[in-house]
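> coords please:
(one chain, ligands or ions: 1)
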Amino acid sequence: MLNVIVVPYACRGAELAKFINEANMKFLKQITWAVIFGIFAAPSVWAQGGAHTMVTASDLKWVDVPSLPSGAKLAIIEGPLNEAVPFTFRLRFPADYKMPAHWHPAIEHVTVISGTINMGVGDKLEPTKTKPLPAGSVAIMQPKTNHFVWTKEEATVQVHGVGPWGITYVNPADDPRKK
Ligand SMILES: [Cu+2]
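Sure, this is the predicted structure:
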């Protein structure tokens, strides 16, 4: 996590202390966010506060996702995910990946960028009850709707919506954060 503090010109004494304090608060907020979502390296490409943002694929910072079964990678484009603001992120699933039934507190818009994912609705992952979604496909899941995903090949999806975001597994035993 890179935290660059730029000290403004002619800023000294109490002002400097206040400035550093504010920078620290911001840093602490980032850490809190990282702990909540179990992400330990905050990407530096976040778009915040309505700034015009242009991100190329090579700008993305891929990190592990402790809230998902191991093997998936996440890259945040816009956030933070735990606030009531628009968010955009990408998830990359390896081949033969299984994401057990789960739900989200906000609408989930999924756009398949590459590969094919297989998605279904229900309380339990059933590979025969899914629809293949190849690159270019879109899925829109309503809040608290149980759904599941599996892959045969590596696939990347982009997820966007309005936070706060989260994931709850139908069967708590499936939650890797509790293992
Ligand atoms: Cu989901």
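
> CA atoms for contacts and neighbours, from now on please.
Will do.

> show me where pLDDT drops low in this structure?
Where the chain drops to pLDDT under 70, the residues are 1-50.

> ranges for the strands of it?
Here the chain has its strands, by DSSP state E, at 63-64, 73-78, 86-93, 98-103, 108-114, 116-121, 131-134, 138-141, 147-151, 155-162, 168-169.

> check which helices and strands the last one sits against.
Contacts of strand 168-169 with other secondary structure elements, assessed using 3 or more CA pairs under 8 Å, 6 or more residues apart in numbering; DSSP states H and E, are made with strand 98-103.

> got the contact list for the strand it packs on?
68-69, 122-125, 143-151, 167-171, 174 (CA atoms under 8 Å, 6 or more residues apart in numbering).

> listing partners with orientation, what would you give for that strand?
Sheet pairing here is set by DSSP bridges, and for strand 98-103 it gives strand 147-151 (antiparallel), strand 168-169 (antiparallel).

> can you dump the C-alpha atoms of the first one in CSV for me?
What follows is strand 147-151, C-alpha atoms only, in CSV (Å, rounded to 0.1, in the frame of the first residue of the first chain):
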residue,chain,number,x,y,z
HIS,A,147,-26.5,-17.2,-7.4
PHE,A,148,-23.4,-19.2,-8.2
VAL,A,149,-20.7,-19.4,-10.9
TRP,A,150,-18.3,-22.0,-12.2
THR,A,151,-15.7,-21.9,-15.0
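
> what residue is smack in the middle of this structure?
Centroid-nearest residue in the chain: F89, 5.1 Å away (criterion: CA atoms, centre = their mean).

> could you measure from it over to Y169?
Separation of F89 from Y169 (CA to CA, to the nearest Å): 20 Å.

> next one: H160
Between H160 and Y169 the distance is 19 Å, computed by CA to CA.

> out of everything not next to it in sequence, what's closest to H102?
Y169 (4.1 Å; CA to CA, 6 or more residues apart in numbering).

> now for the one you found: which residues touch it?
Going by CA under 8 Å, 6+ apart, Y169 touches P100, A101, H102, W103, D175.

> quick one on the thing from earlier: can you list the strands of the chain in CSV and add distance to M54?
Below are the strands of the chain laid out as CSV (distance: least, CA to CA, whole Å):
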stretch, distance to M54
strand 63-64, 20
strand 73-78, 10
strand 86-93, 13
strand 98-103, 30
strand 108-114, 17
strand 116-121, 26
strand 131-134, 25
strand 138-141, 22
strand 147-151, 29
strand 155-162, 15
strand 168-169, 31
